[in-house]
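Asker: Model the structure of this input:
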Amino acid sequence: MTRSSLLLVPLLTATLAAAPASAQMMKSPEASPEKVSPPEKAAPQSKGQVQLSFAPVVKRAAPSVVNVYASHVDARGQSRSAMDEFMRRFFGENGAGRGRGGAPGERAQKSLGSGVIVDESGLVITNNHVIENMNEVRIALADRREFEATIVLRDPRTDLAVVKIKSPTGGLVPMAFGDSESLEVGDFVMAIGNPFGVGQTVTQGIVSALARTQVGSSDYQFFIQTDAAINPGNSGGALVDLQGQLVGINSAIYSQSGGSHGIGFAIPVSMVRAVVETAKNGATSVRRPWLGARVQSVTPDIAESMGLDHPTGVLVASLQPKSPAEEAGLKRGDLILTVDGKSVDDPEAFGYRFALKGLSGSTKFGILRGTGRSNVSVKLGPAPETRPRDTLKVRTRSPFLGATLVNTSPAVAEELQADFPAEGVAVSGVDEGSIAARAGLQKGDLIVAINGTPIATTKDLERVTRTSLNMWEVSINRGGEVLTSVFGG
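Answerer: Residues are numbered from 1 along each chain as shown. Prediction:
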């Protein structure tokens, strides 16, 4: 369920120093807090009190939770079991599988997770990492019926995906969406899924925290934290409230052993709803509003210099020309405090709030400029495709063999989560095991020059790579730093 091993930080116990006896003796009785009598214990007074149970909630929600079995076979010569896949996700194993019955010349990757039926037509929401790199999916319902499913939409940035049951025979029970915005710390919740493949399991706990943003399992980090036990196989399963409504999709845990330590994270249903609606409208990818500005965290020093009593909001670090941010009148150094009245404390929270706004209309930012507070209206819309991508799949022998390259634009920069200039060629994908992968090319790299020749378009790169050379000098912009490497032909 977790995409890498996450460190479990031990709690430190603070030792309280006892007050001097003389100080205790001098304390006046009036200063002592009023002693509260403990509530009187009593036996249950009715049959109804004895029979209080979460069972009615489970009966309402459990039929909507499914098991998701995904697999992918490629020509690698080895197979990977479902447990191998779990171990890879938890502990970052990058070796081959343990070879359980793979046919010669094939490598079967397998993944096991959970999902939630969200529409009577057979749409199921799950985690993207459950079906990542997979091309075959089967869904097993709570009543043990099994169906093949097709992958409708993948959204790696939220770690969500939507699959659709093929030819459902009826009796599908979609789960109603709850309101993750109304959750409070201490509310009861239940996690339903298929941990370790043992079968549908329900665990109960409370909401431990809200708006967790330093988890690291997706681009849009704004998680519900719960102590309801979540284990491998729960990925994609439901976090439900006491009305049996979906409030989150279980996605990650903090763990060193692979088991639950009472710190689990779920993607709020507000984001889940946006992804599901996109799939219902027939789209195969999720598009989000474009701001055209880069924001950064507020440090204690910055907060003090702006007259704030504590760090809050996000600071506008730069703006792109003719972007919605510039047209709204935002300026470098502005502090964005709220998005439509919802406070934001860091870039992750800001990104989450802004991403939920859709692609039409406008949204209001509450900002601090100098000592004055005001609101600005930002127009909502997708990042523009200012020039054709002219996608290039390199076929000739060169350091780019196996890479997919595109011309840059605000839309490409938004998709690849990179701060690209207006011109250039970006790596949008690299085939596993290809020459490009072995050369170290990564998704999001910007090709600056080849053998001293500037590269502005994919046509430039195609022309340069037509000729087979003994030596290639390649300059790459990666995260703002230009790296130059030399490769043999």
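
Asker: quick one: the residue nearest to Gly402 when sequence neighbours are not counted from Leu401, how far?
Answerer: Using CB to CB, 6 or more residues apart in numbering and skipping the chain neighbours, the partner closest in space to Gly402 is Ser434 (2.3 Å). All C-beta atoms are positioned from the backbone trio N, CA, C, and that covers glycine. Distance, Ser434 to Leu401, by CB to CB, to the nearest Å: 6 Å.

Asker: ok, back up a step: ok, the residue nearest to Gly402 - contacts?
Answerer: With contacts defined as CB atoms under 8 Å, 6 or more residues apart in numbering, Ser434 is in contact with 401-403.

Asker: what about Val130, is that helix, strand or coil?
Answerer: Following DSSP: H, G, I helix; E, B strand; the rest coil, Val130 is assigned to helix.

Asker: C-terminal to the lengthiest helix in the chain, what's the next element?
Answerer: The helix that spans the most residues within the chain, counting by DSSP state H, is helix 269-280. Sequence order places strand 293-296 as the next helix or strand after helix 269-280, per DSSP states H and E.

Asker: Quickly run through the sheet partners of that next one, with directions.
Answerer: Paired strands of strand 293-296, with direction, are strand 314-319 (antiparallel) (DSSP bridges).

Asker: What ranges does the stretch 301-450 of the chain have for its helices?
Answerer: For the stretch 301-450 of the chain, applying DSSP state H, counting those that start in this stretch gives helices covering 324-327, 347-355, 410-416, 435-438.

Asker: Now do the first one: everything it contacts.
Answerer: Contacts to helix 324-327, defined as CB under 8 Å, 6+ apart, come from residues 289-293, 316, 319-320, 378-381.

Asker: between those residues, which is closest to Leu416?
Answerer: Trp290 (13.3 Å; CB to CB).

Asker: Please look at that closest one and Lys379 and confirm they touch.
Answerer: No - contact criterion CB atoms under 8 Å: Trp290 and Lys379 do not qualify, at 9.7 Å.

Asker: Those two: who's more crowded?
Answerer: It is Trp290, of Trp290 and Lys379, that has more neighbours when counted by other CB atoms under 10 Å, with 22 against 16.

Asker: Chain neighbours aside, what residue packs nearest to Asp309?
Answerer: Leaving aside its sequence neighbours, Asp309 sits nearest to Ala303 (CB to CB, 6+ apart; 7.6 Å).

Asker: so what's that neighbour up against?
Answerer: By CB under 8 Å, 6+ apart, the neighbours of Ala303 are 309-312.

Asker: Just put the residues you listed in JSON lines and tack on distance to Gln200, neighbour count and pLDDT.
Answerer: Shown next, in JSON lines, are these (distance: CB to CB, whole Å; neighbours: other CB atoms under 10 Å; pLDDT from 0 to 100):
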{"residue": "Asp309", "distance to Gln200": "48", "neighbour count": "7", "pLDDT": "87"}
{"residue": "His310", "distance to Gln200": "44", "neighbour count": "9", "pLDDT": "89"}
{"residue": "Pro311", "distance to Gln200": "43", "neighbour count": "16", "pLDDT": "89"}
{"residue": "Thr312", "distance to Gln200": "42", "neighbour count": "17", "pLDDT": "91"}
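
Asker: Export the residues you listed as JSON lines, with columns for distance to Asp179.
Answerer: Output for the contacts of Ala303, formatted as JSON lines (distance: CB to CB, whole Å):
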{"residue": "Asp309", "distance to Asp179": "31"}
{"residue": "His310", "distance to Asp179": "28"}
{"residue": "Pro311", "distance to Asp179": "29"}
{"residue": "Thr312", "distance to Asp179": "25"}
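
Asker: Out of those, which is nearest to Arg463?
Answerer: Using CB to CB, the contacts of Ala303 come closest to Arg463 at Pro311, 50.0 Å.

Asker: Go through stretch 142-153 and flag the buried ones.
Answerer: Buried residues in stretch 142-153, counted by 16 or more other CB atoms under 10 Å: 142, 147, 149, 151-153.

Asker: now, which of those residues sits nearest Gly115?
Answerer: Nearest member of these to Gly115, counting by CB to CB, is Ala149, at 9.0 Å.

Asker: beta partners of the closest one?
Answerer: In beta-bridge terms (that is, DSSP bridges), Ala149 pairs with Val137, Ile165.

Asker: any idea how far Ala140 is from it?
Answerer: Distance, Ala149 to Ala140, by CB to CB: 10 Å.

Asker: list the helices and strands the longest helix of the chain packs on?
Answerer: Secondary structure elements in contact with helix 269-280, counted by 3 or more CB pairs under 8 Å, 6 or more residues apart in numbering; DSSP states H and E, are strand 123-127, strand 146-155, strand 160-165, strand 246-253, helix 347-355.

Asker: Pick the most deeply packed of these.
Answerer: Highest mean neighbour count of those: strand 246-253, a mean of 29 (counted as mean count of other CB atoms under 10 Å).

Asker: Just give me how far that strand sits from the chain centre.
Answerer: On the basis of CA atoms, centre = their mean, to the nearest Å, strand 246-253 sits 11 Å off its chain's mean C-alpha point.

Asker: Stretch 375-386 now?
Answerer: Averaging C-alpha positions (CA atoms, centre = their mean) puts stretch 375-386 23 Å from its chain's average.

Asker: Equivalent analysis for stretch 390-400, please.
Answerer: 31 Å.

Asker: Distance across it, terminal residue to terminal residue?
Answerer: 16 Å (CA to CA, to the nearest Å).

Asker: can you check stretch 155-174 too?
Answerer: Counting by CA to CA, you get 21 Å between the two ends of stretch 155-174.

Asker: do the same with stretch 186-204
Answerer: Start-to-end, stretch 186-204 (CA to CA) is 12 Å.

Asker: residues of it that come out buried?
Answerer: Applying 16+ other CB under 10 Å to stretch 186-204 flags 189-196, 200-204 as buried.

Asker: Give me the residues contacting that stretch.
Answerer: Under the contact criterion CB under 8 Å, 6+ apart, stretch 186-204 has outside partners 54, 57-58, 61-62, 65, 67, 82, 86, 112-114, 142, 183, 205-207, 224, 226, 228-242, 247-248, 250, 264, 266.

Asker: Now the buried members of these.
Answerer: Using 16+ other CB under 10 Å as the burial test, the contacts of stretch 186-204 include 57-58, 61-62, 65, 67, 82, 86, 112-114, 142, 183, 205, 207, 224, 226, 228-241, 247-248, 250, 264, 266 as buried.

Asker: Please, which helix or strand holds Leu112?
Answerer: Element membership for Leu112 (DSSP H and E) is strand 107-117.

Asker: what's the angle from that strand to strand 146-155?
Answerer: Here strand 107-117 points in a direction 90 degrees away from that of strand 146-155 (axes from the mean of the first three to the mean of the last three CA atoms, to 10 degrees).
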